[in-house]
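[1] show me how the following folds:
(one chain, ligands or ions: 3)
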Amino acid sequence: MAYLLKGVSILGGKPTDLHLGDDGLITDRSDDKAEVIDATGLVALPGLVDVHTHLREPGREDAETVETGSRAAALGGYTAVCAMANTSPVADTAGVVEQVWRLGREAGLVDVQPIGAVTVGLAGKQMAELGAMATSAAKVRIFSDDGFCVADPKLMRRALEYVKAFDGVIAQHAEEPRLTEGAQMHEGEVSTRLGLTGWPAVAEEAIIARDVLLAEHVGSRLHVCHVSTAGSVEVLRQAKARGVRVTAEVTPHHLLLTDEMASGYDPVFKVNPPLRTARDVDALRQALLDGVIDVVATDHAPHAVQDKECEWSYARPGMLGLETALPIVLSVFGEKWELIADRMSIAPARIAGLAGHGGDLTKAGSPANLTLVDPSARWVVEPGGLASRSSNTPYAGMTLPGRIVATFLRGEATVLDGKAVK
Ligand SMILES: NC(=O)N[C@@H](CC(=O)O)C(=O)O
Ligand SMILES: [Zn+2]
Ligand SMILES: [Zn+2]
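    Ligands and ions are numbered 1, 2, ... in the order given. Prediction:
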């Protein structure tokens, strides 16, 4: 169906009419049969792209499925998500990544781009069949053992070299495992007070420093997952200044929350890497503004009730992110629409190699992948009201700015009036 978005503000610009053709492309021609949407006061952004999403299928469909996660994504303004490989079975073969890719197509709410594992079973011992995943129907370009660090430097080097053949990228979960044995939260004053084993900042920074040197040595692309410390930002700043091909992401929760949240021992705040200090939060915000950190990625990590509502030390790390990412970024940075479009759509689409996403909404012929935001709306986060199958949001009860009114995937509405269409 064709749509006419009347009076919409593209990236905060002057109100205009935006035509979505029934061929799924943006057009400058009007169509008498187009469905008219009054978009007065709404801001159009290119559809958001998440380079780091956990969809839990196959294996933990009780926590999330490709379909429920896709619905949460569309409601959050996303048109594409990259699905992490730490499923059960692990996405370490062409068969599994094709299964996830097909499930995404069947759900039809966002483009689900599978990420392939770097090592067999995420065990860190033997390289997975990266080439077969790259040439499969899923056309995998990002490889990651996320959840675990590719700690073996020789294996990391080989993986970096291998993916060069198809312009792939290794997304590293930077955590030196020997420095985080038994870790429960950020190592600092708060962990000392609470008596919980600490996860020191250096465990992240040491791996990023090693990996940027490896990537520089072999001339490959490296992507750093969920950067969480001020020291990591400095390592990245220096590497980028030298021309190393490294990109990095920060999560909404690391841009807002601190280790103080652990004080009540509520496991909803347990996450990997852990929430850090206010000084780290400030450095991460500045790095996103400067472009030292390229993108905001959700690290949407749904967990079933029994894995989260238990004693802190037994709880799984991870928190929901897809439905709250844009509101959190809006509350931290305000209405910086150009910045938001770049860090949440254009740059992630480029990193993931998703050509149809992160396009120019003013250009006729671009795929109509976009979302409409009402920046003046306020809403209260209710865990049970989210579309995700899980409810482990750290923002329960918070009032957030910005509501997603509509999302379009190749010109088809996936969200209308703030509700998913299927
Ligand atoms: N972020 C988390 O705390 N958990 C993630 C794994 C990960 O991103 O490392 C998960 O899969 O639950
Ligand atoms: Zn991780
Ligand atoms: Zn993750």
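[2] chain neighbours aside, what residue packs nearest to the residue of the chain found nearest ligand 2?
    Relative to ligand 2, the nearest point of the chain is residue 173 (3.6 Å; CB to the ion). C-beta here means a position set from N, CA and C on the backbone, and glycine is covered the same way. Spatially, and ignoring its direct neighbours in sequence, residue 173 is nearest to residue 146 (4.6 Å; CB to CB, 6 or more residues apart in numbering).
[3] that neighbour contacts residue 115, correct?
    Yes: at 7.5 Å, residue 146 counts as touching residue 115 under the criterion of CB atoms under 8 Å.
[4] compare those two (neighbour count), which wins?
    Legend: neighbour count by other CB atoms under 10 Å for residue 146 and residue 115, higher for residue 115 (28 against 25).
[5] from residue 390, how far off is the more buried one?
    20 Å (CB to CB, to the nearest Å).
[6] can you check residue 156 too?
    According to CB to CB, residue 156 and residue 390 sit 31 Å apart.
[7] the domain parsing of the protein - what is it?
    Per automatic domain parsing, the structural domains of the chain span 3-43+363-377+397-420, 47-352.
[8] Throw those into a markdown table and include distance to residue 386 and mean pLDDT, thanks.
    What follows is the domains of the chain, written out as a markdown table (distance: least, CB to CB, whole Å; pLDDT from 0 to 100):
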| stretch | distance to residue 386 | mean pLDDT |
| --- | --- | --- |
| domain 3-43+363-377+397-420 | 12 | 98 |
| domain 47-352 | 5 | 98 |
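[9] of the ones you listed, which stretch is the most buried?
    domain 47-352 (a mean of 21; mean count of other CB atoms under 10 Å).
[10] touching, residue 310 and residue 268? I think so.
    No: between residue 310 and residue 268 there is no contact under CB under 8 Å: 11.3 Å.
[11] returning to what we had before: now the domains of the chain as a markdown table including distance to residue 383?
    Output for those, formatted as a markdown table (distance: least, CB to CB, whole Å):
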| stretch | distance to residue 383 |
| --- | --- |
| domain 3-43+363-377+397-420 | 9 |
| domain 47-352 | 8 |
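[12] so what's residue 284 closest to, chain neighbours aside?
    residue 250 (5.1 Å).
[13] partner residues bridging the one you found?
    Under the criterion DSSP bridges, residue 250 forms beta bridges with residue 296.
[14] OK, contacts around it?
    If you count contacts by CB atoms under 8 Å, 6 or more residues apart in numbering, residue 250 has them with 226, 227, 228, 284, 287, 288, 293, 295, 296, 297.
[15] one more pass at 6 Å, please.
    Residues near residue 250 by CB atoms under 6 Å, 6 or more residues apart in numbering: 227, 284, 288, 293.
[16] tell me how far it lies from residue 302.
    20 Å.
[17] quick check: residues of the stretch 51-200 of the chain near ligand 1?
    54, 86, 146, 147, 173 (CB under 6 Å from any ligand atom).
[18] quick check: phi and psi at the second one.
    Which is residue 86. Torsion angles at residue 86 (phi, psi; degrees, to the nearest 10) stand at phi -80, psi 60.
[19] how near is the residue nearest to it when sequence neighbours are not counted to residue 359?
    Spatial nearest neighbour of residue 86, excluding adjacent residues (CB to CB, 6+ apart): residue 147 at 4.2 Å. With distances taken as CB to CB, residue 147 is found 32 Å from residue 359.
[20] and the strands in the stretch 1-150 of the chain?
    Ranges of strands in the stretch 1-150 of the chain, per DSSP state E, counting those that start in this stretch, are 3-10, 15-20, 26-27, 35-38, 43-46, 48-53, 78-83, 111-114, 142-143.
[21] nearest to residue 367, out of those strands?
    strand 26-27 (7.7 Å; CB to CB).
[22] remind me, longest helix of the chain?
    With DSSP state H setting the assignment, residue counts place helix 201-218 as the longest helix in the chain.
[23] name the helices or strands packed onto that helix?
    When contacts are defined as 3 or more CB pairs under 6 Å, 6 or more residues apart in numbering; DSSP states H and E, helix 201-218 sits against helix 153-163, strand 222-224, helix 230-241.
[24] now do the SS call for residue 359.
    coil (DSSP: H, G, I helix; E, B strand; the rest coil).
[25] neighbours of it, how many?
    With other CB under 10 Å as criterion, residue 359 counts 21.
[26] contact partners for the nearest residue to it once chain neighbours are set aside?
    Once flanking residues are discounted, residue 359 sits nearest to residue 366: 3.9 Å by CB to CB, 6+ apart. Contact partners of residue 366, counting by CB under 6 Å, 6+ apart, are 26, 359, 360.
[27] close to ligand 2: what parts of the stretch 101-250 of the chain are there?
    Neighbours of ligand 2 within the stretch 101-250 of the chain, by CB under 5 Å from the ion: 146, 173.
[28] which parts of the stretch 51-200 of the chain sit against ligand 3?
    Within the stretch 51-200 of the chain, the residues that sit near ligand 3 (CB under 5 Å from the ion) are residue 146.
[29] where does residue 84 fall, phi/psi-wise?
    Torsion angles, degrees, to the nearest 10, at residue 84: phi -60, psi 160.
[30] contacts only, for it.
    54, 115, 146.
[31] hmm, try it at 7 Å
    Contacts for residue 84 (CB atoms under 7 Å, 6 or more residues apart in numbering) come out as 52, 53, 54, 115, 144, 146.
[32] and the helices in this structure?
    66-75, 94-107, 130-135, 153-163, 189-194, 201-218, 230-241, 252-256, 278-290, 305-308, 325-333, 337-341, 347-352.
[33] grab the CA positions of the longest one and hand them over as CSV.
    In this case it means helix 201-218. Provided in CSV are the C-alpha atoms of helix 201-218 (Å, rounded to 0.1, in the frame of the first residue of the first chain):
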residue,chain,number,x,y,z
ALA,A,201,37.7,-2.2,33.9
VAL,A,202,41.2,-3.5,32.8
ALA,A,203,39.7,-6.8,31.8
GLU,A,204,37.9,-5.0,29.0
GLU,A,205,40.6,-2.5,28.2
ALA,A,206,43.4,-5.1,27.9
ILE,A,207,41.5,-7.1,25.3
ILE,A,208,40.5,-4.0,23.3
ALA,A,209,44.2,-2.9,23.3
ARG,A,210,45.3,-6.4,22.1
ASP,A,211,42.6,-6.6,19.5
VAL,A,212,43.2,-3.2,17.9
LEU,A,213,46.9,-4.1,17.6
LEU,A,214,45.9,-7.4,16.0
ALA,A,215,43.5,-5.8,13.6
GLU,A,216,46.2,-3.2,12.7
HIS,A,217,48.7,-5.9,12.1
VAL,A,218,46.5,-7.9,9.7
